[in-house]
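**Q** Got a sequence here, can you build the structure:
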Amino acid sequence: MSKVDLEKRRLTRLRGYAIDQAKERFDAEYPGFEPEAIVVSLCAYEEEGNIGDVLAKMPSTIDGKPFTTFVMVDGGEDNTASIARSFENVHVMEFPVNLGHGVALQATYRYCIEHNVQYVVTLDADGQNDPSEIPQVLAPLLSDAADFVVASRVLGVDKTSDVVRKSGVRFFSFVMNRMTGAHLTDTSTGYRALRVTMLADVIDRLEQEQYQTAELLITCLKRGWRASEVGTVWYPRASGTTKKGKNWLFGFRYARVVFSTWWRER
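**A** Now for the predicted structure:
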């Protein structure tokens, strides 16, 4: 076995160990807990300045239906986890170390699959997404009009000021539409609603530790799942700085994920 293979195996086992530690702590904190059929999930890494305001805006029900609010804390050195735990009816799973946004999402999806959840809504923990819009994002799933719903800042209102990022949203949407035959206006948003049976079909194909939005969407579309979108409002980050890096670096890494996933799923 090569040194590269040994290193990959070592990292995979370390990641699995960290995830198992998080699961054991979760089960100890919430013995016997079973989530509702709808889970709203936020993956958060060092968002102590934002997570509280986002959780405070969560609706009490979604169109009269109960739901579980789930926060996956991706390690970090701040008080994100303790702030999330201070909210009643918020359930927190906390990685002991930072594993990456893609890993946090995969762990969330696996939890929902294992616990027979029907729908999961994901949104950002930085204040850019409005939780009051969750019902409209979930609606196409509940009416069986789609399996994957994208919350589009292009169809809605984008209140951010970064022209480069706005252009990047349109560019990558064009590229991914050409690759998949879809007709979406925003393919790089983390605000979305997902059918869990769809996630069960694709979860073992997901590889990305970061920038997993494109990988998930391309994989689902290539496997025949239905995607649609609804317009939402996109706000500037409430506080702190983005974890995505400079625009050119984010664009390069995102493009690499887009093309590598398309090649794998073609």
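**Q** same for the top strand by length along the chain, what does it pack against?
**A** Using DSSP state E, we find that the single longest strand of the chain is strand 148-158. Judged by 3 or more CB pairs under 8 Å, 6 or more residues apart in numbering; DSSP states H and E, the packing partners of strand 148-158 are helix 134-142, helix 163-180, strand 192-195, helix 212-222, strand 227-234. For the C-beta atoms, the positions are set from N, CA and C on the backbone; glycine is no exception.
**Q** Helices along the stretch 1-150 of the chain, start to end?
**A** Ranges of helices in the stretch 1-150 of the chain, per DSSP state H, counting those that start in this stretch, are 3-29, 51-56, 80-85, 101-114, 134-142.
**Q** closest one to residue 158 among those?
**A** helix 134-142 (16.0 Å; CB to CB).
**Q** contacts for that closest one?
**A** 38, 40, 58-59, 62-63, 119, 121, 123, 146-147, 149, 151, 191-195, 228, 230, 232 (CB atoms under 8 Å, 6 or more residues apart in numbering).
**Q** Just the buried residues of the residues you listed.
**A** 38, 40, 58, 62, 119, 121, 123, 146-147, 149, 151, 191-195, 228, 230, 232 (16 or more other CB atoms under 10 Å).
**Q** a markdown table please, covering the helices and strands packed on strand 148-158 and showing distance to residue 83 and mean pLDDT.
**A** Shown next, in a markdown table, are these (distance: least, CB to CB, whole Å; pLDDT from 0 to 100):
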| stretch | distance to residue 83 | mean pLDDT |
| --- | --- | --- |
| helix 134-142 | 20 | 98 |
| helix 163-180 | 27 | 94 |
| strand 192-195 | 24 | 98 |
| helix 212-222 | 25 | 95 |
| strand 227-234 | 23 | 97 |
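**Q** Adding distance to residue 19, write those out as a markdown table.
**A** Below are the helices and strands packed on strand 148-158 laid out as a markdown table (distance: least, CB to CB, whole Å):
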| stretch | distance to residue 19 |
| --- | --- |
| helix 134-142 | 26 |
| helix 163-180 | 29 |
| strand 192-195 | 20 |
| helix 212-222 | 15 |
| strand 227-234 | 28 |
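**Q** Could you list the low-pLDDT ranges of the protein?
**A** 1, 3-4, 243-245 (pLDDT under 70).
**Q** Give me the neighbour count for residue 29.
**A** Per other CB atoms under 10 Å, the neighbour tally for residue 29 reads 13.
**Q** Can you give me the buried ones in stretch 206-225?
**A** So, applying 16+ other CB under 10 Å, buried residues of stretch 206-225: 206, 208-222, 225.
**Q** Kindly report the same for stretch 113-133.
**A** Buried residues in stretch 113-133 (16+ other CB under 10 Å): 113, 117, 119-131, 133.
**Q** related to what we said a few turns ago, so which of the helices of the stretch 1-150 of the chain is nearest residue 255?
**A** helix 101-114 (15.9 Å).
**Q** got the CA coordinates for the closest one in CSV?
**A** Extracted in CSV, the C-alpha atoms of helix 101-114 (Å, rounded to 0.1, in the frame of the first residue of the first chain):
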residue,chain,number,x,y,z
HIS,A,101,-18.7,21.8,6.1
GLY,A,102,-19.2,18.9,3.7
VAL,A,103,-18.5,16.4,6.4
ALA,A,104,-20.9,18.1,8.8
LEU,A,105,-23.6,18.0,6.1
GLN,A,106,-23.0,14.3,5.4
ALA,A,107,-23.2,13.5,9.1
THR,A,108,-26.5,15.4,9.2
TYR,A,109,-27.9,13.5,6.2
ARG,A,110,-26.9,10.1,7.6
TYR,A,111,-28.6,11.0,10.9
CYS,A,112,-31.8,11.9,9.1
ILE,A,113,-31.6,8.7,7.0
GLU,A,114,-31.0,6.5,10.1
